[in-house]
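Participant: coords below, sequence missing:
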């Protein structure tokens, strides 16, 4: 999943002048800059304000990824099954989805032309696909067979768009969330269009769209995913489908719009931040560790609506609230998240998320080789392996591909339009 520490970089692009007609442009969501906008766009504002806020949210990404790792390793590799047994740490994915919407609208206040929209897509795909491809090849290397349908779906990063478990959980199972994220990226320009004037109806519209997925799953009486189940399953409709999770992304966009329009650049007393941040963090922690498990016990286990509520609706709201509060960067939690070691872990969090389960699979495949290790040494070896692979994936694949995409976009913008129009075609 999940997404997004480098989403924080503000896109600043020049538009070449020419005698050609001005291309279609999306209207800005902020047609008249406020004083907060001016401060954010100023040199000092960009350095002192935006960087600090981004660091706190980048650090948050690491803790969201860490909860998912704990969720998957619990009961294996020497980690007791009782470790946070009553907590639903799988909800870290919802935090990623909400955070992605928040950051994308923060970094892309407007897409002024089709060229900028295309550049947005190039940068987003360069952000997630190369690392996904490398890990997919690693899955083949450790013995996963090539099955044509799921393999091609993984190559195209659309495996989560198929409600069949053998598709969305194929190969590196956690990659379903970045397939879902790709759906958000495709929808983002449409959602962004006139967002300042339309968010109030787009948010409930995406909620209705999301609710239609468990409704359809219930109507066709879809089973839950399990051994021997080969057709469409509940998880494929309400957990992995981009339509089912679009509300969380749009909620993040709405939270980002609220923060940019009403809170960014305004003076927030330190006392307020020091009270609000621990409360927001405590609410999010309570939601994951106490509230969600209790709701899970109360709701019908076989209900598609219950499953969607637990996976998406319930964790999304406290996640959005916590992100808004932490964006100020003035309280104790954001101070901690902004420390350089935490920020770096947040920067490699996408690689951590993408590699941890496949490495866990490899450890299980070689379980006999580690039989003599103490449990503490085994989990330490696993953590070190995940860390080493994540650092390598980040520095060798993720960052170079992002830089190459930005360089290619910058080069294309430097080509005069008349020259591009006269260029020979193959």
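Facilitator: Thanks, I have it. Keep in mind that this is a model prediction, so the values were computed, not measured.

Participant: run the chain-centre distance for stretch 335-353.
Facilitator: In terms of Cα atoms, centre = their mean, to the nearest Å, the centre of stretch 335-353 is set 14 Å apart from its chain centre.

Participant: who touches that stretch?
Facilitator: For stretch 335-353, the surrounding residues in contact (Cβ atoms under 8 Å, 6 or more residues apart in numbering) are 1-6, 52, 55-66, 68-69, 128, 131, 174, 177, 326, 329, 386-387, 389-391, 393-394, 398. All C-beta spots, glycine's among them, are computed from the backbone N, C-alpha and C.

Participant: can you give me the first-to-last residue distance of that stretch?
Facilitator: Between the start and the finish of stretch 335-353 there is a gap of 24 Å, counting by Cα to Cα, to the nearest Å.

Participant: who are the packing partners of whichever helix in the chain runs longest?
Facilitator: If each helix of the chain is counted by residues according to DSSP state H, the longest one is helix 114-141. If contacts are counted by 3 or more Cβ pairs under 8 Å, 6 or more residues apart in numbering; DSSP states H and E, helix 114-141 sits against helix 148-156, helix 176-192, helix 349-365, helix 375-393, helix 399-414.

Participant: kindly reformat the ones you listed as TSV containing distance to residue 321 and mean pLDDT.
Facilitator: Listed next are these as TSV, based on distance: least, Cβ to Cβ, whole Å; pLDDT from 0 to 100:
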stretch	distance to residue 321	mean pLDDT
helix 148-156	35	97
helix 176-192	20	97
helix 349-365	21	96
helix 375-393	29	94
helix 399-414	30	86
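
Participant: could you dump those helices into CSV and include mean neighbour count and distance to residue 94?
Facilitator: Rendered in CSV, the data for those read as follows (neighbours: other Cβ atoms under 10 Å; distance: least, Cβ to Cβ, whole Å):
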stretch, mean neighbour count, distance to residue 94
helix 148-156, 16, 23
helix 176-192, 22, 10
helix 349-365, 22, 14
helix 375-393, 16, 22
helix 399-414, 14, 25
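
Participant: pull up the per-residue confidence for residue 424.
Facilitator: In the predicted model, residue 424 carries a pLDDT score of 35.

Participant: ignore what I typed, I meant residue 335.
Facilitator: On the pLDDT scale, residue 335 is placed at 93.

Participant: I'd like to know how many residues surround it.
Facilitator: Neighbour count of residue 335, defined by other Cβ atoms under 10 Å: 17.

Participant: how near is it to residue 281?
Facilitator: 12 Å (Cβ to Cβ, to the nearest Å).

Participant: just residue 314 next, same as before
Facilitator: Note on residue 314: its distance to residue 281, by Cβ to Cβ, is 17 Å.

Participant: ok, residue 187 next?
Facilitator: Per Cβ to Cβ, residue 187 is found 30 Å from residue 281.

Participant: now residue 232: phi and psi?
Facilitator: Geometry field for residue 232 lists phi and psi as phi -60, psi 140, criterion degrees, to the nearest 10.

Participant: wait, it touches residue 164, no?
Facilitator: Yes - under the criterion of Cβ atoms under 8 Å, residue 232 is in contact with residue 164, at a separation of 5.8 Å.

Participant: show me where this structure has strands.
Facilitator: Under the criterion DSSP state E, the chain contains no strands.

Participant: confidence-wise, which helix or strand of it is lowest on average?
Facilitator: Across the helices and strands of the chain, mean confidence by mean pLDDT, DSSP states H and E is lowest for helix 43-45: a mean of 33.

Participant: mean confidence for stretch 103-119?
Facilitator: What stretch 103-119 shows for mean pLDDT is 92.

Participant: can you give me the end-to-end distance of it?
Facilitator: 17 Å.

Participant: pull out the buried residues from it.
Facilitator: Within stretch 103-119, the residues that qualify as buried are 103-113, 115-117, 119, counting by 16 or more other Cβ atoms under 10 Å.

Participant: ok, these vs residue 201, which is closest?
Facilitator: Proximity of those to residue 201 was ranked by Cβ to Cβ; the top entry is residue 105 with 16.3 Å.

Participant: measure the closest one to residue 258 for me?
Facilitator: Counting by Cβ to Cβ, the separation of residue 105 from residue 258 is 10 Å.
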